[in-house]
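Turn this into a model:
(chains A and B)
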There are 2 protein chains.
Amino acid sequence: MRELTYNDYKRIVEQNLLNYLPEIDQKSITVYEAMKYSLMAGGKRLRPVLLLASCEFAGEECETAIPYACGIEFIHTYSLIHDDLPCMDDDDLRRGMPTNHKVYGEAMATLAGDGLLSCAFEAMNRDKLMFFDDFDMMKRRISASYEIANAAGCRGMIAGQVADIEAEDKNCSVELLDYIHNTKTAALITGAVRAGARLGGADEETLEDLTQYAENLGLAFQVADDILDVTGDVESMGKKPGSDEESKKATYPSLYGLERSKERLAELTEQAKAALAKYYDNAEFFVKLADELAERGK
Amino acid sequence: MRELTYNDYKRIVEQNLLNYLPEIDQKSITVYEAMKYSLMAGGKRLRPVLLLASCEFAGEECETAIPYACGIEFIHTYSLIHDDLPCMDDDDLRRGMPTNHKVYGEAMATLAGDGLLSCAFEAMNRDKLMFFDDFDMMKRRISASYEIANAAGCRGMIAGQVADIEAEDKNCSVELLDYIHNTKTAALITGAVRAGARLGGADEETLEDLTQYAENLGLAFQVADDILDVTGDVESMGKKPGSDEESKKATYPSLYGLERSKERLAELTEQAKAALAKYYDNAEFFVKLADELAERGK
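Next up, the predicted model:
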């Protein structure tokens, strides 16, 4: 296995991201500009990086997985654009910049989100792509598309957004908060890892271990985010801290308190790492990543 | 080739439609109800019927294409839900019933649309589906997914919606109106036919002929719709006639006048039928359908 770092993977994603948007007619170019605006607004590229790294971990060079990595970043970006809409969280600022609908208006932001979701599946299913004569690769591609659609859909990310909206202004139980975080955040992170593993030809055991890792990492990531919302500042977050409290959203700190939340973050990080312990140094990338994400919430 | 009628295909679609929605947790069941509300609100099922019929025309029994037929109806339905949103066309009535956002609110309607688009690709890529050991069928499935994503995306349906919104309150040229109708309406109809043809294993010539047919049929369908908006009544349309004029949308009648629009409809119908003339009776289904759609605009 090659030794690629987080930044290596991130560079691959960012070099390719715009290439997987289709060429768009001048008559509808505004939607391209709106999609590009949010795609290029920065971000950690966590989901596509995990997808590429999981493909390499499973034994295949990650170049084959690039359209899927770009596709999952399109999907993540669409979810942010729609989450920020006035009828959803009504946010003005994202990653330190005005949100998509603040720049392009509500109609265009809705369409930019719809466009990114469609473009994701367009990128992943382009016929002329790699290995169109490799039977095994075709099966892997269909499985990877399924993992991503399932994670983005009504049992994954959308379920989380629905439950999140319906929980506002209500008493949110710990069980419901776990459900929201597992679906809204962890599902797409898990989908990224599973899609990458599928594309890399992982066996069932490896797929299961990576899934365990990703589910814990994804939840840890959200707990860290909740902690940051209490302890962070606008510069490090790119949005106003305390915005969860303002919108009366339940968070780990609001239900558990800050100390217990930090303990939960540490537990989840350990569980993520434990899921890949048997791979020793081969899983170094994933172990290091879990530690780094946990640092954010300290 | 079996002799299935429009109503036979429609029945197959309607019997299967809800089976291809994933099972959804009670905590996010509202989005399922919202999706189901619009899916079950009736409609001609034109796109999935065309997809199934094209698969049979290409030589394969249409059962293999059912997930794709359901998927394209999910996509069509999502586009209607988002089109009706307050930030888009702001419509209260669709197919004689309150629009999705009138019943479920704007946030849930946005999510129901997002959910349907994700569920479409989830249905089409379910691993355990038919022929997972048939190499040819795997290639066809990836091609069909691509056709549908491309038709729904930023060179297809979304491009049309973008251009449509930007054309409001401006002087719309005949060229721009053709672009809007070709992308907003004809693209997904063409995508349905091409996806069905791919799944049925059509050769390039048949694919090209069916594409010609669908492009003309799709545009004819929209011209007929524009004519109906002038001449129809609320009962036959399920929405208020004259709503295009009210919203200052350009239409064929507003640019060409009613008589010239009817001539254009007849021309497009003839061109659609001519594209399949060489198949004689084998193309009877498609010829009859073109005539029936043209009748609507008379």
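
so where is chain A shaky, pLDDT-wise?
Along chain A, segments meeting pLDDT under 70 span A:1, A:127-133, A:233-248, A:297-298.

just so I have it, where are all the strands in it?
A:93-94, A:97-98 (DSSP state E).

Tell me which of the ones you listed approaches A:Asn182 most closely.
Nearest to A:Asn182, of all those, is strand A:93-94, at 22.9 Å by C-beta to C-beta. C-beta coordinates here come from the backbone N, C-alpha and C atoms, glycine included.

so which of the strands of chain A is the most packed in?
Neighbour counts (mean count of other C-beta atoms under 10 Å in any protein chain shown) averaged over each of the strands of chain A peak at strand A:93-94, with a mean of 18.

Strand partners (parallel or antiparallel) of it?
Strand A:93-94 has the following sheet partners, assigned by DSSP bridges: strand A:97-98 (antiparallel).

where's the strand it pairs with relative to the chain centroid, distance-wise?
Relative to the centre of its chain, strand A:97-98 is centred 20 Å away, using C-alpha atoms, centre = their mean, to the nearest Å.

what about the residue nearest the centre of chain A, distance to chain B?
Chain A has A:Arg47 as the residue nearest its centroid, 4.2 Å off, counting by C-alpha atoms, centre = their mean. To chain B, A:Arg47 is 15 Å away according to C-beta to the nearest C-beta, to the nearest Å.

Which residue, neighbours along the chain excluded, lies closest to that residue?
A:Ala192 (4.2 Å; C-beta to C-beta, 6 or more residues apart in numbering or on different chains).

Okay, the one you found and chain B: tell me how far apart.
15 Å.

what sits against that residue?
A:Ala192 is in contact with A:46-48, A:50-51, A:54, A:72, A:148, A:151, A:214, counting by C-beta atoms under 8 Å, 6 or more residues apart in numbering or on different chains.

Whichever of these end up buried, select them in ChimeraX.
Buried members of those, defined by 16 or more other C-beta atoms under 10 Å in any protein chain shown, are picked up in ChimeraX with:
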select /A:46,47,48,50,51,54,72,148,151,214
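
Near the closest residue to A:Leu117 other than its chain neighbours, how many other residues are there?
In space, and not counting its chain neighbours, A:Leu117 is closest to A:Tyr78: 4.8 Å by C-beta to C-beta, 6+ apart. For A:Tyr78, the count of nearby residues is 27 (other C-beta atoms under 10 Å in any protein chain shown).

what ranges do the helices span in the stretch 51-200 of chain A?
Taking DSSP state H, counting those that start in this stretch, the helices of the stretch 51-200 of chain A run over residues A:66-84, A:100-104, A:106-124, A:135-152, A:157-167, A:174-181, A:187-199.

on that earlier part again, for A:Leu117, see how far away the residue nearest to A:Arg47 is.
15 Å (C-beta to C-beta, to the nearest Å).

mind listing what the nearest residue to A:Arg2 once chain neighbours are set aside touches?
Leaving out its chain neighbours, the residue that sits closest to A:Arg2 by C-beta to C-beta, 6+ apart is A:Glu56, at 6.7 Å. Neighbouring residues of A:Glu56 by C-beta under 8 Å, 6+ apart: A:1-2, A:4, A:62, A:200.

and A:Lys27, how many neighbours does it have?
Neighbour count of A:Lys27, defined by other C-beta under 10 Å: 17.

Hmm, I typed the wrong one, I wanted A:Ala144.
27.

Quick check: closest non-adjacent residue to it.
Spatial nearest neighbour of A:Ala144, chain neighbours left out: A:Ala195 (4.1 Å); criterion: C-beta to C-beta, 6+ apart.

Please give me every residue in contact with A:Leu17.
So, once contact is read as C-beta under 8 Å, 6+ apart, A:Leu17 ends up touching A:39-40, A:70, A:73.

Could you measure from it over to A:Asn171?
41 Å.

Ok, A:Leu217 next?
Counting by C-beta to C-beta, the gap from A:Leu217 to A:Asn171 is 29 Å.

Looking at these two, which has the bigger crowd around it?
When A:Leu217 and A:Asn171 are compared for neighbours, A:Leu217 comes out ahead with 27 against 7, by other C-beta under 10 Å.

ok, now how distant is the more buried one from chain B?
Distance check for A:Leu217 against chain B: by C-beta to the nearest C-beta, it reads 22 Å.

Nearest to B:Arg126, out of the strands of chain A?
Smallest distance to B:Arg126 across these (C-beta to C-beta): 33.6 Å, for strand A:93-94.

Longest helix of chain A, counting residues only.
Of all the segments of type helix in chain A, defined by DSSP state H, the longest one is helix A:204-231.

residues of that helix that come out buried?
Buried residues in helix A:204-231 (16+ other C-beta under 10 Å): A:206-207, A:209-230.
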